[in-house]
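Novice: give me a 3D structure for the following:
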Amino acid sequence: MNKHPELALNGVPVCDTFAEAFTTVGTRIIVTALTEAWVRIAAAEATGYATSVIACDAEAGVEKYLSPAESPDGRPGVSLMFFAFGQTALEKAVTNRVGQCILTCPTTACYSGYTCEDPEKNISLGSQLRFFGDGFQISKKWGNRRLWRVPVMDGEFVCEDQTGTFKGVAGGNLLICASDQKRGLLATEAAVSAMQQVDLTILPFPGGIVRSGSKVGSRYSKLKASTNDAYCPTLQAQTTSELPQGTGCVYEIVIDGAAFEPVQQAMQVGLHTICQQPGILQITAGNYGGKLGKHHFHLKDLIHSAHA
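Specialist: Residues are numbered from 1 along each chain as shown. All right, here's what the predicted structure looks like:
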């Protein structure tokens, strides 16, 4: 990382550095329900405990909510995205989450949100969950797609047989150094609201914001990651700090997406939004020196925007 900014946007110093992201396997599913309220409940349940593959089975989040006109069955819906480091791990995570959080949720249905030309890249949805029907489940053709109708106590759970996977990008990020916690949070919230409008991306952390940024390794041998002490304001006198003078708070936004371009677009939207907020002292990004992740998002490339 670069402690000394060499760039600026709207007067806010921006470090001449880059965010380093990783190739993952991703998928997208569409969940619908009788009301928007139950769609939101289902989405929250299915994407919970899915912030980071450091300790979770997947990284997941809401891509966008869908109107009845946009959904497969004419009801309110939501597009959910899931990412893991392998197809087998992704399939296990998604089927477990759909089985425990969508199948169980009143009035929901579940459809594929991504079509794959290569059948080898599909993962199971209803093809596994249908067995909950104990032999009473019914297969239904929907064009060239297959749905399963699984009897449940409020009627039927409709679930598509499979969904496709794609090579995704996980770990785009921005680090926001602010004068205090309140200003830092308000600025980061504004950025999150703008970034959530970018299709094919998710922000997997709580409310899209990370306060516990981590570094690889720890003084404790059993830990894979530990607090990023260089960015902890309370440790500026005790460690080699990367923070500008006067920093009282740092927040991070992590972005996962279906490809390089949407992640870059979300980062660009976020950067431009943050740099319009008061109390921001510096913007930087996290990386591993370019040695671990093949996708590099240079902040200097994000400064020039058609929306600026």
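Novice: OK, contacts around Phe83?
Specialist: Contact partners of Phe83, counting by CB atoms under 8 Å, 6 or more residues apart in numbering, are 24-26, 53, 58-60, 90, 168, 170, 204, 256. All C-beta spots, glycine's among them, are computed from the backbone N, C-alpha and C.
Novice: can you do 7 Å?
Specialist: 24, 26, 58-59, 168, 170, 256 (CB atoms under 7 Å, 6 or more residues apart in numbering).
Novice: and the strands in the stretch 101-250 of the chain, which stretches?
Specialist: 109-112, 122-124, 138-142, 145-152, 155-160, 162-178, 201-202, 214-216, 225-227, 249-257 (DSSP state E, counting those that start in this stretch).
Novice: partner strands of the fourth one, parallel or antiparallel?
Specialist: Looking at strand 145-152 with DSSP bridges, its paired strands and their directions are strand 138-142 (antiparallel), strand 155-160 (antiparallel).
Novice: what mean pLDDT does it get?
Specialist: What strand 145-152 shows for mean pLDDT is 97.
Novice: convert the C-alpha atoms of it to CSV, please.
Specialist: Below are the C-alpha coordinates for strand 145-152, written out as CSV (Å, rounded to 0.1, in the frame of the first residue of the first chain):
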residue,chain,number,x,y,z
ARG,A,145,-36.1,-25.6,-18.4
ARG,A,146,-37.1,-28.0,-15.6
LEU,A,147,-38.9,-27.0,-12.4
TRP,A,148,-39.7,-29.1,-9.4
ARG,A,149,-42.9,-28.7,-7.5
VAL,A,150,-42.3,-29.9,-3.9
PRO,A,151,-45.4,-30.2,-1.6
VAL,A,152,-45.1,-28.2,1.6
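Novice: just to revisit the earlier point, most surrounded residue in the contacts of Phe83?
Specialist: Gly168 (29 neighbours; other CB atoms under 10 Å).
Novice: residues touching that one, list them.
Specialist: So Gly168 contacts 24-26, 83, 256-258 (CB under 7 Å, 6+ apart).
Novice: confidence score at it?
Specialist: 97.
Novice: what's the closest non-adjacent residue to it?
Specialist: Closest residue in space to Gly168, ignoring its immediate chain neighbours: Gly26 at 3.2 Å, by CB to CB, 6 or more residues apart in numbering.
Novice: how much space between that neighbour and Gln282?
Specialist: 31 Å (CB to CB, to the nearest Å).
Novice: likewise for Cys110?
Specialist: Cys110 sits 43 Å away from Gln282, going by CB to CB.
Novice: quick one on the thing from earlier: most packed of the strands of the stretch 101-250 of the chain?
Specialist: strand 201-202 (a mean of 30; mean count of other CB atoms under 10 Å).
Novice: now do the same end-to-end measure for stretch 205-223.
Specialist: End-to-end distance of stretch 205-223 (CA to CA, to the nearest Å): 20 Å.
Novice: ok, stretch 199-217 next?
Specialist: 33 Å.
Novice: distance between that stretch and the chain's centre?
Specialist: 7 Å (CA atoms, centre = their mean, to the nearest Å).
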